[in-house]
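Q: Sequence and predicted structure are below.
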Amino acid sequence: MEIIKNQIEALERNITTINHKINSLNIKPDLAENIDFSLDDLKNKLMLKQNNLIF
């Protein structure tokens, strides 16, 4: 369980880094928002998978 928690924390850091880089690119706001939502969806799915694992 600890490994999955560490992986999710690492993913959160990577998502934050990616979001900062996306924001620095000055792309259209609509596109940036869609990318942010996609990354949030990914994180939420991983959190759900972690919560559903039985050890």
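A: Perfect, I can see it now. In this text the structure is predicted, and so the values were computed from the model without any measurement. Numbering: from 1, shown residues only.

Q: Could I get the average pLDDT for stretch 2-14?
A: Confidence over stretch 2-14 (mean pLDDT, whole number) is 86.

Q: How far away from the center of its chain is it?
A: Computed by C-alpha atoms, centre = their mean, to the nearest Å, the chain-centroid distance of stretch 2-14 equals 10 Å.

Q: CA atoms only for it - export them in CSV, please.
A: Extracted C-alpha coordinates of stretch 2-14, given in CSV (Å, rounded to 0.1, in the frame of the first residue of the first chain):
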residue,chain,number,x,y,z
GLU,A,2,2.9,2.3,0.8
ILE,A,3,4.4,1.9,-2.7
ILE,A,4,1.1,2.9,-4.3
LYS,A,5,0.9,6.0,-2.0
ASN,A,6,4.4,7.0,-2.9
GLN,A,7,3.7,6.5,-6.6
ILE,A,8,0.6,8.7,-6.4
GLU,A,9,2.6,11.4,-4.5
ALA,A,10,5.2,11.3,-7.2
LEU,A,11,2.5,11.5,-9.9
GLU,A,12,1.1,14.6,-8.1
ARG,A,13,4.5,16.2,-8.2
ASN,A,14,4.9,15.4,-11.9
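
Q: what residues does that stretch touch?
A: 42-43, 46-47, 50, 53 (C-beta atoms under 8 Å, 6 or more residues apart in numbering). (Glycine included, C-beta is placed from N, CA and C.)

Q: hmm, try it at 7 Å
A: 43, 46-47, 50, 53 (C-beta atoms under 7 Å, 6 or more residues apart in numbering).

Q: for this protein, what are the low-confidence residue spans?
A: 27-37, 53-55 (pLDDT under 70).
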